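> sequence? don't have it. structure:
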């Protein structure tokens, strides 16, 4: 709340300088640069996107075609494949990047184990998030080479199987993408959960121990409910990151084309249509679908976790 | 009934419990150490790759078998004598990151300050606008922007690479949260002393909020340093490329400079690693900033 004390009177200023002293105008001046960038780089293109999605744009000439782009898109098998790939990737990243980081965070937060190793673990797991997707993609592309001598094939061979053409298969390609995601984000998510865990007052646990609750019940009845806000946030960013994934696939496959479109995501499809094939109207329709998808999933998830109810109370 | 005195845990039970937690401790330590080491493998692999023959690495992939005798400093000599535009890309990335961080911190902390410290008409609308940004995927906005940029002949300029990202929702949230914790008395005191509204911001608020600026500098610096898709679209000339775009061009099947791809990738990590070692706390704070209590 802003204090409602009487406005402080200051010696009057003249000219444009008085603006700097005007308490009524100041907030608008502070948010002005933001409003400008918001208008030019978010709102205008957002509106433009919806308009373009109803147009056919050839060499800069736009003609209104109503829902033709959407009809064409929904009939395109590749669109559904890209959508499926993105959704599948998103669900898999959630299954990896929520439970494992939570486990790591619980272990780090526990009293047992060497504190020095835990500090080392935090740094070692965090550093991958500092690499660019491009560098991470290049390294993993080389580790996932289809030759017998590449790391992942050496592991497979050690387990008694023949070399795998990782990036040429559907499930193996997905596995490679998930490996990159897990490698880059496990550490960051661990830090999120750790911050959430450390905010839980320790007397909650002590009280539960006195009541005879074992570690599993303490986890289910104290830890989980108390880190719900962290959980909601981590899931939200993972949903967005998963659906909008593109560069990982672009680098792993050294371009937007992967065998049988196994690595094609919804953003990859948008990029192919809009940039590579220069069909801006159609690509905008894909963009609208992406927006709707992100919105719907976030709404479902925020409603399901009761975040809105909490907002109402405040 | 006879009175029963609580015997307390027996000596045997305590030592059993102690032993169990000792074993648990060792298991946890070994488990975490193992995961941490696995997580470092790609770094070690690329470090070793910088000493190897690039074509062989591309052909055979990165391997656990290392021919130690074949390692050489040749790639390092090449990097510093004959690496073409590599250091231009490096410089471009650095300049863009520094300028972007300065601009976005100013814009974001401005709006956060306006939202946190003043009561004014349209405050809620401004806040909803921030929320809106959070949910719209940039990939969608990129198409009309790309069209516009081409029409206005603004492609191939550094300005257009950073401008669309000046309003960063997470950064605004973080600053707002931080500034809400600063007592308003400071502002009143400044006003009584005759400092202008902007003077109050720059001379009184910014120094207090330094830790927030540090964390956000890192978050936004990382975003800009790593940005790929938009610069890929708008940058045309090879001498204007940023590091990720430049490295990507080396990743073609017809490439003849795979040494540079590997050692260049490795070197692009170094500035960030140095900063990370120096400012680890701010890195963790900055990159996990999204989870601020709302």
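On my side now, so go ahead. Since the model is a prediction, treat every value here as computed from it, not as a measurement.
> residue in the stretch 1-150 of chain B nearest to chain A?
Sorted by distance to chain A under C-beta to the nearest C-beta, the residues of the stretch 1-150 of chain B start with residue B:61, at 2.6 Å. Quick note: C-beta positions are derived from backbone N, CA and C, even for glycine.
> quick one: that residue and residue A:154 touch, right?
No. At 9.3 Å, residue B:61 does not count as touching residue A:154 under the criterion of C-beta atoms under 8 Å.
> what about residue B:156, neighbour count?
13 (other C-beta atoms under 10 Å in any protein chain shown).
> roughly how far apart are it and residue A:259?
Distance, residue B:156 to residue A:259, using C-beta to C-beta, to the nearest Å: 33 Å.
> Equivalent analysis for residue A:182, please.
Plainly put, residue A:182 is 23 Å away from residue A:259 if you go by C-beta to C-beta.
> which one of these two has more residues nearby?
Of the pair residue A:182 and residue A:259, residue A:182 is the one with more neighbours under other C-beta under 10 Å, namely 18 against 13.
> Looking at residue B:61 and residue A:154, which is more packed in?
Between residue B:61 and residue A:154, residue B:61 has the larger neighbour count (other C-beta under 10 Å), namely 23 against 19.
> The more buried one: what's it in contact with?
Residue B:61 is in contact with A:142-147, A:149-151, A:153, counting by C-beta atoms under 8 Å, 6 or more residues apart in numbering or on different chains.
> Next one: it from residue B:267, what distance?
Separation of residue B:61 from residue B:267 (C-beta to C-beta) stands at 21 Å.
> What average pLDDT does the helix ranked longest in chain A get?
The residue-count maximum for a helix in chain A (DSSP state H) belongs to helix A:170-198. The predicted model assigns helix A:170-198 a mean pLDDT of 93.
> ok, for residue A:230, nearest residue in space, not its chain neighbours?
residue A:196 (3.3 Å; C-beta to C-beta, 6 or more residues apart in numbering or on different chains).
> show me the contacts for that neighbour.
In this structure, residue A:196 makes contact with A:105, A:226-227, A:229-231, B:291, judged by C-beta under 8 Å, 6+ apart.
> measure it to residue A:116 for me?
23 Å.
> and what of residue B:210?
The gap separating residue B:210 from residue A:116 is 30 Å, by C-beta to C-beta.
> And for residue B:184?
In this structure, residue B:184 and residue A:116 are 43 Å apart, going by C-beta to C-beta.
> same question, residue A:279
To residue A:116, residue A:279 is 57 Å away according to C-beta to C-beta.
> Settle it for me: which of those two has more neighbours?
Between residue A:279 and residue A:116, counted using other C-beta under 10 Å, the more crowded position is residue A:279 (19 against 9).
> what's the closest non-adjacent residue to that one?
The shortest distance from residue A:279 to any residue other than its chain neighbours is 5.0 Å, reached at residue A:273 (C-beta to C-beta, 6+ apart).
> I'd say that neighbour and residue A:287 touch.
No. Using C-beta under 8 Å, residue A:273 is not in contact with residue A:287; the gap is 9.7 Å.
> if you count what's nearby, which of those two comes out ahead?
Residue environment comparison for residue A:273 versus residue A:287 gives the larger neighbour count to residue A:287, 30 against 25, counting by other C-beta under 10 Å.
> Next, count neighbours for residue B:53.
Residue neighbour count, defined by other C-beta under 10 Å, stands at 19 for residue B:53.
> from what I can see it touches residue B:71, true?
No. Residue B:53 lies out of contact with residue B:71 (C-beta under 8 Å); the separation is 9.4 Å.
> And residue B:250, its phi and psi?
Note on residue B:250: backbone dihedrals following degrees, to the nearest 10 are phi -80, psi -10.
> quick one, what contacts the nearest residue to it once chain neighbours are set aside?
In space, not counting the residues next to it along the chain, residue B:250 is nearest to residue B:261; the distance is 4.1 Å by C-beta to C-beta, 6+ apart. Taking C-beta under 8 Å, 6+ apart as the contact definition, residue B:261 lies against A:138, B:54, B:58, B:247, B:250-251, B:255.
> Among those, which ones are in strands?
Residues from the contacts of residue B:261 lying in strands, with DSSP state E as the criterion: none.
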